[in-house]
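In: Sharing a model prediction with you, sequence too.
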Amino acid sequence: MENRNQHPISIRLKVTETCPWTCKFCHKEGGWQIDDVTWDTDTRLAMERLMRHAHVSEVHYTGGEPTVLNGLGLLTAGLRGMGLTVKTTTNGQLTPAKLDRLYGSGLRSFNFSMHTLDPHELSGIQRHMGVEAARLAISLQQAAIQHAVNIGAQVKINTVISGAQDAGRAVSIYEYAKRSGVLVRFLNDLNKGQTAIDVIDSICRDQLTATPVWYQQKPGTSATTTYYRDNDGYEFGVKGIRRCRIPALCAGCRETCTEQFYGMRLEKRDGIFWVRLCLRRQDDKSLMPLADFVRSDQLKQILQVTQSGVQTGTQYSELAN
């Protein structure tokens, strides 16, 4: 189980938009036509700015699929050399040898996005993937997860739940994670609102007969996780979204807000690093060059709510008192 009381300031770094999968629901972290990020002077200076002005201490790779990026090991080693913690989200389409190299570069935490264990279902959510290719992809993913566990990496499995049709699939992934000794987290599909939340509640209560035991809130963002424990003592997580808005970003916004303020995202376009604060918007309040962001009211307010002393790692029973 991860340390529930640590809450570093993290930035999601979109290192590439390339991905071998073509999931129909992919939002690519809100940005398209993004440059690949490599370890060079521009990247080092960008991270120095974020460490100095935004107190960033953790980088979480996103994409696209981060592990297809040439030079990801060099990038990781460079960031680790600056004292940053480095994590990644991945679909697990990498060999044990490549995973070893990434682990050796300092990438020690892997969040595997697992949609299903059924190749027909995986093929159905891809734009271009046959059933046999999906079968191979699932096998490769499972082998990567097991190898990551074997070499001592921190491993999580994330799976998104949209509605009642996903209940059986989610339980199968939960059972797989439990057998593998890996933390699984259920994520509610933000586009499905309360429907997805209600389905997850039903799965936890009625099918898994699990009890909530811990609640974690990430300071300064909308991200929360409730940890459940089943009758066998296995713990798993349910990610949630709480109300969290930044006035300099959110005031007057007319978008249907499903993610609230989730955190800072960094991407590179036309050779310039940009900070993205919202998946849905493209205006100058939500998307700005890094050089402007470090002087912005948005950053000042993000730091205010981040440093507001929000408690994390709360025993669930305490929330009712």
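Out: Received it, and whenever you're ready, just let me know what you need.
In: so who does residue 298 touch?
Out: Neighbouring residues of residue 298 by CB atoms under 8 Å, 6 or more residues apart in numbering: 246, 248, 249, 277, 285, 288. C-beta: built from backbone N, CA, C; applies to glycine.
In: So which of those residues sit within helices?
Out: 248, 249 (DSSP state H).
In: Filter the contacts of residue 298 down to the buried ones.
Out: Buried members of those, counted by 16 or more other CB atoms under 10 Å: 246, 249, 277, 285, 288.
In: Give me the most central residue, the chain.
Out: residue 89 (5.9 Å; CA atoms, centre = their mean).
In: Give me the phi and psi for that residue.
Out: phi -100, psi 140 (degrees, to the nearest 10).
In: With residue 226 instead?
Out: The phi/psi pair for residue 226 (degrees, to the nearest 10) is phi -100, psi 130.
In: Now for the residue nearest to it when sequence neighbours are not counted, how many residues are close by?
Out: Distance criterion CB to CB, 6 or more residues apart in numbering; nearest residue to residue 226, sequence neighbours excluded, is residue 238 at 4.8 Å. Look at residue 238: counted by other CB atoms under 10 Å, it has 23 neighbours.
In: what's the helix or strand for residue 238?
Out: Element membership of residue 238, judged by DSSP states H and E, is strand 235-241.
In: ditto for residue 169
Out: Using DSSP H and E, residue 169 sits within helix 167-180.
In: and the angle from that helix to strand 235-241?
Out: 130 degrees (axes from the mean of the first three to the mean of the last three CA atoms, to 10 degrees).
In: Tell me what angle the following helix or strand past helix 167-180 forms with strand 235-241.
Out: With elements assigned by DSSP H and E, the helix or strand that comes after helix 167-180 is strand 183-188. Interaxial angle, strand 183-188 versus strand 235-241 (the same axes, to 10 degrees): 30 degrees.
In: State the paired neighbours of strand 183-188 in the sheet, together with their directions.
Out: Take DSSP bridges as the rule and strand 183-188 pairs in its sheet with strand 154-161 (parallel), strand 235-241 (parallel).
In: Take that strand, keep the C-alpha atoms, and write them as PDB.
Out: Output in PDB follows, covering the C-alpha atoms of strand 183-188 (Å, rounded to 0.1, in the frame of the first residue of the first chain):
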ATOM      1  CA  LEU A 183      -3.500  -2.400  -5.700                       C
ATOM      2  CA  VAL A 184      -6.400  -1.800  -8.000                       C
ATOM      3  CA  ARG A 185      -8.200   1.500  -8.200                       C
ATOM      4  CA  PHE A 186     -11.700   2.000  -9.700                       C
ATOM      5  CA  LEU A 187     -12.000   5.300 -11.600                       C
ATOM      6  CA  ASN A 188     -15.400   6.800 -12.400                       C
END
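In: Beyond that strand, next helix or strand please.
Out: Using DSSP H and E, the helix or strand that follows strand 183-188 in sequence is helix 193-202.
In: how about that following helix: buried residues?
Out: 196, 197, 199, 200.
In: Same question for stretch 144-164.
Out: Neighbour counts over stretch 144-164 (16+ other CB under 10 Å) mark 144-145, 147-148, 153, 155-162 as buried.
In: can you tell me which of these lies nearest to residue 188?
Out: Nearest to residue 188 out of those is residue 161 (CB to CB; 6.1 Å).
In: so what's that closest one bridging to?
Out: Beta-bridge pairing of residue 161 under DSSP bridges involves residue 188.
In: Quick check: it touching residue 185?
Out: No - counting by CB atoms under 8 Å, residue 161 does not reach residue 185; the two are 10.6 Å apart.
In: what's the burial count for the nearest residue to residue 22 once chain neighbours are set aside?
Out: Leaving aside its sequence neighbours, residue 22 sits nearest to residue 127 (CB to CB, 6+ apart; 3.9 Å). As a burial measure, residue 127 scores 9 neighbours (other CB under 10 Å).
In: Need the residues that contact the helix ranked longest in the chain.
Out: Using DSSP H, we find that the single longest helix of the chain is helix 131-150. For helix 131-150, the surrounding residues in contact (CB under 8 Å, 6+ apart) are 21, 90-96, 99-100, 103, 110, 112, 114, 116-117, 119-120, 122-123, 126, 129, 155, 157, 176, 180-182.
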